[in-house]
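**Student:** pasting the structure only:
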């Protein structure tokens with residue numbers, strides 16, 4: 001069957017981009033948007049749109065490489081670029097995977113306890129329960145079951161959170177001004193850059209390529225479908241972050257930090273929209289962090305499987321299928337090993353450290369796409385355009401600046 005004959009039609013044109021939304025939108029996005037809205041009102045809405053555009057550009061580059069060559073970006077690191085790039089990513093994935101497992105479990109525990117304050121057990125206990133539930137769903141389910149579950153939860157998430165945002169809008173002209181007039185308030189530079197860089201995930205962008213294969217989208221003729229699929233995905237991501245900023249700007253939560261800020265925001269919503277509005281927001285918060293956990297549990301072990309099978313120099317590696325021992329082992333690593341941090345019961349510390357590690361990945365990805373997708377002998381007619389190269393250079397500069405700032409803050413701040 002030709003690529004053209006197997007192209008999607010109707011609702012089948014909605015690809016795995018919805019999984020990118022569900023996985024990339026988590027506690028970090030909620031917190032960053034809430035901080036921006038609380039401190040600067042609606043002034044930074046444009047930053048969300050620009051940040052989502054940067055992530056769309058990067059993920060479109062990942063898809064374009066894979067559809068043009070049939071290879072993953074990890075395969076390119078292993079066989080086409082200097083070997084240190086491959087080992088750099090492997091070291092990063094090991095550290096990041098441990099922290100992301102702990103951070104997502106903690107965020108789910110906080111969300112559940114906020115939604116159901118009478119539930120027995122501590123945040124740490126519910127973090128462990130969510131981690132094990134995610135492991136069971138991914139381990140026992142098929143891709144289509146996983147996809148449908150994610151679609152239902154992401155739908156609820158957007159209805160709840162965007163519904164709260166619309167209910168709190170008092171001045172639509174202020175919303176349009178925040179979207180269309182690019183200003184950075186005094187003292188808002190690094191918050192703006194952090195918000196821009198944090199929209200839509202980090203290492204999880206690579207999962208899109210493996211979900212494309214699960215969906216059966218392979219070959220250059222699927223490139224237009226992938227572009228529009230990702231455009232929808234990051235449009236929804238931007239809409240979610242915009243709603244969060246509007247909610248924080250309207251509710252003005254108390255001076256809390258981390259996931260405590262989201263809980264404080266829910267309390268303020270209760271006073272403005274009633275208990276139903278508070279429950280809607282907390283339900284959206286839980287959907288956001290649990291879908292992020294499910295997406296990471298399902299997609300990130302693909303990254304390790306792909307990396308592990310290429311550990312010998314010059315080895316091409318088998319086709320990544322999600323059934324190997326390396327996939328199963330890393331799924332257990334994500335779900336089980338970080339439980340030691342849950343026992344420490346320090347959810348805020350875990351989420352903060354996890355957010356910091358994301359800064360180390362994005363410059364690597366942007367630089368990689370500038371190299372591999374500019375080789376016509378590798379990607380043919382899907383080579384980067386001048387506009388795409390300009391966008392990638394901007395992204396590389398942005399994420400490089402964020403990395404430098406994180407290093408400076410942690411070592412010298």
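**Tutor:** Structure received. Given the structure is predicted, the values throughout are model-derived calculations rather than measurements.
**Student:** what comes up buried for stretch 364-378?
**Tutor:** By neighbour count on 16 or more other Cβ atoms under 10 Å, the buried set for stretch 364-378 is 364, 365, 366, 367, 368, 369, 370, 372, 373, 378. In short, each C-beta sits where N, CA and C put it, glycine included.
**Student:** need the max-distance pair from those residues.
**Tutor:** For these, the maximum inter-member distance is 18.4 Å, found between 364 and 378 (Cβ to Cβ).
**Student:** rewinding a little: can you redo the buried residues of stretch 364-378 as CSV with secondary structure, pLDDT and distance to residue 205?
**Tutor:** As requested, those are exported to CSV (DSSP: H, G, I helix; E, B strand; the rest coil; pLDDT from 0 to 100; distance: Cβ to Cβ, whole Å):
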residue, secondary structure, pLDDT, distance to residue 205
364, helix, 90, 11
365, helix, 93, 7
366, helix, 93, 11
367, helix, 94, 14
368, helix, 96, 11
369, helix, 96, 10
370, helix, 96, 15
372, helix, 96, 15
373, coil, 96, 14
378, helix, 95, 20
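**Student:** count the residues that sit near residue 156.
**Tutor:** 17 (other Cβ atoms under 10 Å).
**Student:** give the rounded mean pLDDT of the helix or strand hosting it.
**Tutor:** For residue 156, the host element (DSSP states H and E) is helix 143-168. Regarding helix 143-168, the rounded mean pLDDT is 88.
**Student:** and that helix, what does it pack onto?
**Tutor:** Packing partners of helix 143-168 (3 or more Cβ pairs under 8 Å, 6 or more residues apart in numbering; DSSP states H and E): helix 17-24, helix 123-140, helix 223-251, helix 259-308.
**Student:** what sits closest to residue 335 if chain neighbours are left out?
**Tutor:** Distances taken as Cβ to Cβ, 6 or more residues apart in numbering place residue 135 nearest to residue 335, at 3.9 Å, with adjacent residues excluded.
**Student:** so what's the residue count around the one you found?
**Tutor:** Neighbours of residue 135 using other Cβ under 10 Å come to 18.
**Student:** check contacts around it.
**Tutor:** Residues in contact with residue 135 (Cβ atoms under 8 Å, 6 or more residues apart in numbering) are 297, 331, 332, 334, 335, 336.
**Student:** tabulate the residues you listed (CSV), appending pLDDT, distance to residue 241 and secondary structure.
**Tutor:** Below are the contacts of residue 135 laid out as CSV (pLDDT from 0 to 100; distance: Cβ to Cβ, whole Å; DSSP: H, G, I helix; E, B strand; the rest coil):
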residue, pLDDT, distance to residue 241, secondary structure
297, 94, 23, helix
331, 93, 29, helix
332, 91, 32, helix
334, 91, 25, helix
335, 87, 27, helix
336, 83, 31, coil
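**Student:** may I see the buried residues of the helix or strand where residue 84 lies?
**Tutor:** Element membership for residue 84, per DSSP H and E: helix 83-115. Buried positions in helix 83-115, judged by neighbour count with 16+ other Cβ under 10 Å: 85-86, 89-90, 92-93, 96-115.
**Student:** before we move on, what about stretch 125-136?
**Tutor:** Within stretch 125-136, the residues scored as buried using 16+ other Cβ under 10 Å are 125, 126, 127, 128, 129, 130, 131, 133, 134, 135.
**Student:** how about stretch 265-275?
**Tutor:** For stretch 265-275, a neighbour-count test (16+ other Cβ under 10 Å) marks 265, 266, 267, 268, 269, 270, 273 as buried.
**Student:** quick one: mean pLDDT over that stretch.
**Tutor:** 86.
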